[in-house]
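1. Here is a sequence together with a model predicted from it:
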Amino acid sequence: QVQLAESGGGLVQPGGSLRLSCAASGNIFRLNAMGWYRQAPGKQRELVARIGSGGTTRYADSVKGRFTISRDNAKKTVYLQMNSLKPEDTAVYYCNAALIDWTATTVEYDAWGQGTQVTVSS
């Protein structure tokens, strides 16, 4: 069984910063791309940032220049550094990983974390 454990959410004022972390654990054969998605009330879940196993990154236009995604493969952890936060960044942030576990080493699937709340408000 694979688990993604997120941490680092909270309440921050506009212009502030937060760093989210997501650690993968369990029966993992290989971790491929990892990323962060978010869902605001009444809206669909959207991609925030994604990073490949080799470090290639992709960002939503709304966060480019403000957010930075990184990963530590040895720790099976992905990070999201969020700077210059805006009220419209308020959402539940979900960690995602494309991975293969030892039960079927030719089958890739998506795993999700439980989500962490980020609230940007004065």
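-> Yep, that arrived.
2. Now do the same contact list for residue 33.
-> 50-53, 97-98 (C-beta atoms under 8 Å, 6 or more residues apart in numbering). For every residue, glycine as well, the C-beta is placed using N, CA and C.
3. same thing but 10 Å
-> 50-54, 56, 58, 71, 78, 96-99, 108, 110 (C-beta atoms under 10 Å, 6 or more residues apart in numbering).
4. Nearest spatial neighbour of the most centrally placed residue in the chain, chain-adjacent residues omitted?
-> Centroid-nearest residue in the chain, with C-alpha atoms, centre = their mean: residue 36, separated by 2.6 Å. Closest residue to residue 36 apart from its sequence neighbours, by C-beta to C-beta, 6 or more residues apart in numbering: residue 48 at 4.4 Å.
5. same thing with residue 118?
-> residue 9 (4.9 Å).
6. got it, and residue 116?
-> In space, residue 116 is closest to residue 9, 3.4 Å off (C-beta to C-beta, 6+ apart).
7. do residue 105 as well
-> Leaving aside its chain neighbours, residue 105 sits nearest to residue 29 (5.1 Å; criterion: C-beta to C-beta, 6+ apart).
8. Pretty sure residue 117 is one of the things the residue nearest to residue 116 touches, is it not?
-> Yes - assessed by C-beta atoms under 10 Å, residue 9 is found in contact with residue 117 at 5.0 Å.
9. higher neighbour count, the two?
-> The neighbour comparison of residue 9 against residue 117 (other C-beta atoms under 10 Å) goes to residue 9, with 19 against 11.
10. Let me see the confidence value for that one.
-> Listed pLDDT for residue 9 reads 95.
11. Then residue 107?
-> With respect to pLDDT, residue 107 scores 89.
12. Check the secondary structure at the nearest residue to it once chain neighbours are set aside for me.
-> Here the nearest residue to residue 107 in space, its sequence neighbours aside, is residue 100; by C-beta to C-beta, 6+ apart that works out to 6.5 Å. Residue 100 carries the three-state label strand when classified by DSSP: H, G, I helix; E, B strand; the rest coil.
13. pLDDT wise, what is residue 102 at?
-> 87.
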